[in-house]
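Novice: have a look at this fold, sequence not included:
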């Protein structure tokens, strides 16, 4: 009789443990999806300049423009490590066909900067891009262009 | 009231400031720079008041410290924060609730040494590289009363700094066939006397 009770108690304990493990697993997966997101490095690190990347690297664009493919990118991001030329990062918006994004003069602090698509594009479908601009105290910037999906 | 101290880090700027010298303006170099620059405006903002996506972005850019809303101008909210290395972070939010954040953090423990945290944007035709300065906005240190765009003809177009933030109204920005905006040579910061104390150069545009 006692052996049967002990067996039943152990069975309940195992089920409880299994349930706890399952709940923790579900929580972890849910947490990962909340804290997750995907980052795609579409260009660089490289020297962004008037001649690099070459014309056509971003299809239909002159030299000094790097871009991703079309997607529903949530953020355009640039990692800027060195160089002191003017440049910009942002989006080529499908809806109006032009590039929009924050511009650096080249004297700002190096770092990682991110731009949310809805602040620049009328609709979500876009390419993320970095573009060299004339001006600034240098001729290039050492950057990496990234696209993020939340 | 919060006071954010901007420390000079550029070697040339620091040396010039220490010597009390005046630097000749070139791309992004301040003139008549003082040893410390401050932002007096701002109120604390709880991180939890932002959406999950905005909080995710703050983590992505490395913003880990206290956040202050410096001000709102023309529907854009301007924020300041810090990263784990003590570097400064600056963000904007274009949503009606102040969310929808974009922004970034400076690398390492470096502090900004410029009287403008300019967050202006360009519009560019990706087919030929022609671009215009389409949005003029950002954060200005105490003592900066206006920010202006110098166009390629040398004309100055200004917008006031109110509570340490500025954003030129879209109605003051020229329209264009492909892109709105100024054919800009530079963005300049003006003090109370209307003197240019900082220049962010874009070249000929």
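Specialist: Received the coordinates, thanks. As the structure is a prediction and not an experimental result, all values here were calculated from the model.
Novice: burial check on the residue nearest to residue A:109 when sequence neighbours are not counted, number of neighbours?
Specialist: What sits nearest to residue A:109 in space, not counting adjacent residues and going by C-beta to C-beta, 6 or more residues apart in numbering or on different chains, is residue B:106, at 3.4 Å. Any C-beta I mention is one placed from the backbone N, CA and C, and that applies to glycine too. Other residues near residue B:106 number 25, with proximity taken as other C-beta atoms under 10 Å in any protein chain shown.
Novice: tell me the contacts of residue B:106?
Specialist: A:109, A:110, A:111, B:83, B:87, B:88, B:89, B:112 (C-beta atoms under 8 Å, 6 or more residues apart in numbering or on different chains).
Novice: rerun that using 6 Å as the cut-off
Specialist: Residue B:106 sits next to A:109, A:111, B:87, B:88 when contact means C-beta atoms under 6 Å, 6 or more residues apart in numbering or on different chains.
Novice: closest one of these to residue A:40?
Specialist: The closest of these to residue A:40 turns out to be residue A:111 (C-beta to C-beta; 19.5 Å).
Novice: just the pLDDT at that closest one, thanks.
Specialist: Residue A:111 is assigned a pLDDT of 90 by the prediction.
Novice: count of residues packed around it?
Specialist: Residue A:111 has 21 nearby residues by other C-beta under 10 Å.
Novice: look up how far chain B lies from it.
Specialist: 5 Å (C-beta to the nearest C-beta, to the nearest Å).
Novice: not counting its neighbours along the chain, what's nearest the residue of chain B most remote from its centre?
Specialist: Distance to the chain centre peaks in chain B at residue B:127, reaching 28.3 Å (criterion: C-alpha atoms, centre = their mean). Excluding its sequence neighbours, the residue lying closest to residue B:127 (C-beta to C-beta, 6+ apart) is residue A:60, at 5.8 Å.
Novice: cool, residue B:68 as well?
Specialist: residue B:42 (3.9 Å).
Novice: residues near the one you found, how many?
Specialist: 22.
Novice: I'd say it and residue B:70 touch.
Specialist: Yes. Taking contacts as C-beta atoms under 6 Å, residue B:42 lies within contact range of residue B:70: 4.6 Å.
Novice: surely residue B:145 and residue B:193 touch.
Specialist: No. Applying C-beta under 6 Å as the test, residue B:145 and residue B:193 come out as separate, 8.7 Å apart.
Novice: neighbour count: those two, which is higher?
Specialist: residue B:145 (17 against 7).
Novice: let's verify that one: helix, strand, or coil?
Specialist: strand (DSSP: H, G, I helix; E, B strand; the rest coil).
Novice: so what's it up against?
Specialist: B:161, B:192.
Novice: before we move on, which element is the residue nearest to residue B:127 in?
Specialist: Assigned by DSSP states H and E, residue A:60 belongs to neither a helix nor a strand.
Novice: for it, what are phi and psi?
Specialist: phi 80, psi 0 (degrees, to the nearest 10).
Novice: nearest residue to residue A:97 other than its sequence neighbours?
Specialist: residue B:126 (7.6 Å).
Novice: break chain A into its domains for me.
Specialist: Domain ranges of chain A: A:1-36, A:38-149, per automatic domain parsing.
Novice: before we move on, the earlier item: the residue nearest to residue A:97 contacts residue A:99, correct?
Specialist: Yes. Residue B:126 lies in contact with residue A:99 (C-beta under 6 Å); the separation is 5.0 Å.
Novice: about what we covered before: looking at this, the residue farthest from the centre of chain B is in a strand?
Specialist: No. Under three-state DSSP, residue B:127 falls outside any strand and is assigned coil.
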